[in-house]
Each structure stands twice: as structure tokens, then as C-alpha cells.
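*Asks:* Need the 3D shape of this:
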Amino acid sequence: MNQPLETIFSKIIRREIPADIVYEDNLAIAFRDVSPQAPVHVLVIPKQPIAQLSDAGSQDHALMGHLLLTAKRVADQLNLSQGYRVVINNGPDGGQTVSHLHLHLLGGRQMQWPPG
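*Replies:* Okay, here's the model as predicted:
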């Protein structure tokens with residue numbers, strides 16, 4: 001079972017700190033990144049705290065699919081019809097800086113490869 005996490009994302013979910021929320025439902029919330037790396041940079045997070053992707057288990061199967069479909073829904077909502085990138089950083093070596101699973105939705109410009 002996942003341990004409850006107390007992160008900046010927990011505070012956003014509880015509305016204890018402000019965020020530019022672009023989408024929310026009963027399982028997920030999406031908001032603009034405060035340090036955008038592209039013209040559109042939105043974070044999609046589960047309301048249920050999971051520290052990182054490698055902590056997700058079979059019990060999280062439906063939630064993980066919901067997060068990807070939420071990223072698609074937000075991309076449609078933000079008119080990213082020319083394409084976008086979805087990134088999940090996992091752990092310190094993967095570049096994860098907040099211990100709450102989150103998807104980066106990046107768009108509004110041509111993405112480069114390799115990413116870094």
C-alpha cells in the first residue's frame with residue numbers, strides 16, 4: 001500500500017497553495033507548471049499519492065490509464081493539435097524533484113530528441 005505523502009502537490013490538491021488549474025476530476029488534477037519548459041507545460045497528477053512510477057502496482061492499473069487519458073484530454077482542451085510530449089520522471093536519476101507521481105504535458109513548440 002502506498003504511504004501518504006506530504007508534498008507541494010498535496011497542498012495544491014487541498015487548495016492550501018494556489019495553482020493555475022486547467023482540469024480536475026475525482027481522480028486527477030492538472031495545473032500549469034510554475035517553471036515551464038515549453039510554451040505549454042502542464043502537470044497531471046493523481047489525487048491519490050503515489051511517490052513515483054516505480055511504486056505503482058497492479059492495484060493502480062485503472063488510475064495509470066486515467067492519468068494518460070487525462071493528459072490527452074488536457075492536450076485537446078489546450079489545442080495542442082500539432083502534437084505534444086508526455087514525460088514521467090522516476091526517481092532522482094530520472095530527474096524527479098517532487099515525490100508525487102506526475103506527468104509533464106509539454107507542447108506549443110517542436111520538441112527535440114534526444115530529450116536530455
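*Asks:* any idea how far residue 99 is from residue 93?
*Replies:* Here residue 93 is placed at a distance of 14 Å from residue 99 (Cβ to Cβ, to the nearest Å). All C-beta spots, glycine's among them, are computed from the backbone N, C-alpha and C.
*Asks:* For these two, indicate the residue with more neighbours.
*Replies:* Legend: neighbour count by other Cβ atoms under 10 Å for residue 93 and residue 99, higher for residue 99 (17 against 7).
*Asks:* Quick check: nearest residue in space to that one, chain neighbours excluded?
*Replies:* residue 51 (4.7 Å; Cβ to Cβ, 6 or more residues apart in numbering).
*Asks:* can I assume that neighbour is in contact with residue 101?
*Replies:* Yes: using Cβ atoms under 8 Å, residue 51 is in contact with residue 101, at 6.9 Å.
*Asks:* So between those two, which is more surrounded?
*Replies:* Remark: of residue 51 and residue 101, residue 101 carries more neighbours, 28 against 18, as counted by other Cβ under 10 Å.
*Asks:* I'd say that one and residue 88 touch.
*Replies:* Yes: between residue 101 and residue 88 there is a contact at 7.3 Å, judged by Cβ under 8 Å.
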